[in-house]
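Asker: My questions are about this predicted structure, shown below with the sequence.
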Amino acid sequence: MAKKENKAAKKTKGLIAEFKKFISRGNVFDMAVGVVIGGAFSAIVTSVVNILMSICTWWLPGGIKGLVTVLPAANAMQEGMNKDLGLIQQFDASKLQELAKNLAISNYGETEVNNNLNLIEAAKTTILGKYTLHGTTYVYNLSACIDWGTLINAVISFLIIAVVLFIIVKAVNAAADKKKALEAKAQEAYYEKHPEERPAPVEPGVPAPTTEELLTQIRDLLKEKEAPAAAEK
């Protein structure tokens, strides 16, 4: 029993150590930072697009949020809350008070409603629970509709984010290429000062020399330099 517990404890410690090693990697933290920054940037882009689209569609009733197409009712459930009272698939926001009064009267009677106006507000709350405002039009929640405004916003936001990311990646790649060019230039300058350390050129089709072969070449070059000095002594 004790052996099994020791094995379980060792396995748990191993998993914890492996997890710590995983989260300690730089790329994990970089990815987390990128996700947070990307989320914040996406929110900013969405807000900017909403402002721009609101300006571009200010002449439309309800603006960008009013760009909704309500599909014809396919069944009785989609026809609205109460067709007889005018609570159909969609109605203008200006008619909300009137429709709420009609609903309250149908439920409690005109006399009761006239004596208690809170019944109209209660009916209005009931209506608002089953309808969603799109621009200046209330649409029944069970109706099928196409929200063109949300779709346009999403597409424009995606394009803006894609362009920004493309520019960032382009700049990062250019900086990386410039860094490689500077490193290659510095390496070439070093080899000009220390030609003995320059690796032997690799012919096409010939495998690159191994580390041992390069060390052997360096050793032979050092021996050749030391030989004249030893002969003079």
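Answerer: It's in.
Asker: Around residue 98, count how many other residues there are.
Answerer: The burial metric for residue 98, expressed as a neighbour count using other CB atoms under 10 Å, is 13. The way it works is simple: take the backbone N, C-alpha and C, and place the C-beta from them, glycine included.
Asker: which sections of this structure are below the confidence cut-off?
Answerer: Where the chain drops to pLDDT under 70, the residues are 1-8, 10, 19-33, 60-62, 196, 199-209, 227-233.
Asker: max-length helix in it?
Answerer: If each helix of the chain is counted by residues according to DSSP state H, the longest one is helix 148-193.
Asker: in the chain, which spans are strands?
Answerer: For the chain, applying DSSP state E gives strands covering 68-70, 90-92, 131-134, 137-140, 145-147.
Asker: Return the most buried member of the ones you listed.
Answerer: Comparing the strands of the chain on average neighbours per residue, with mean count of other CB atoms under 10 Å, the densest one is strand 137-140 at a mean of 21.
Asker: List the contacts of that strand.
Answerer: Contacts made with strand 137-140 from outside it, assessed by CB atoms under 8 Å, 6 or more residues apart in numbering, are listed as 61-62, 66, 68, 70, 78-81, 87-93, 96, 127, 130-133, 145.
Asker: just stretch 148-155 next, same as before
Answerer: Contacts of stretch 148-155 with the rest of the structure, by CB under 8 Å, 6+ apart, involve 46, 49, 50, 53, 57, 64, 65, 66, 67, 68, 69.
Asker: and these, which are buried?
Answerer: Under a neighbour-count criterion of 16 or more other CB atoms under 10 Å, the subset of the contacts of stretch 148-155 counted as buried comprises 46, 49, 50, 53, 57, 64, 65, 66, 67, 68.
Asker: how much space between the fifth one and residue 50?
Answerer: From residue 57 across to residue 50, the span is 11 Å (CB to CB, to the nearest Å).
Asker: who touches both of those two?
Answerer: Contacts common to residue 57 and residue 50, judged by CB under 8 Å, 6+ apart, are residue 64.
Asker: Quick check: end-to-end length of stretch 87-97?
Answerer: Length of stretch 87-97, first residue to last, CA to CA, to the nearest Å: 12 Å.
Asker: Any idea how far it is from the middle of the chain?
Answerer: Distance, stretch centre to chain centre, for stretch 87-97: 37 Å (CA atoms, centre = their mean, to the nearest Å).
Asker: list the buried ones in it?
Answerer: Neighbour-count burial for stretch 87-97, counted by 16+ other CB under 10 Å, picks out 87, 88, 89, 90, 91, 96.
Asker: Need the max-distance pair from those.
Answerer: For the buried residues of stretch 87-97, with distances taken as CB to CB, the pair at the greatest spread is 89 and 96 (15.0 Å).
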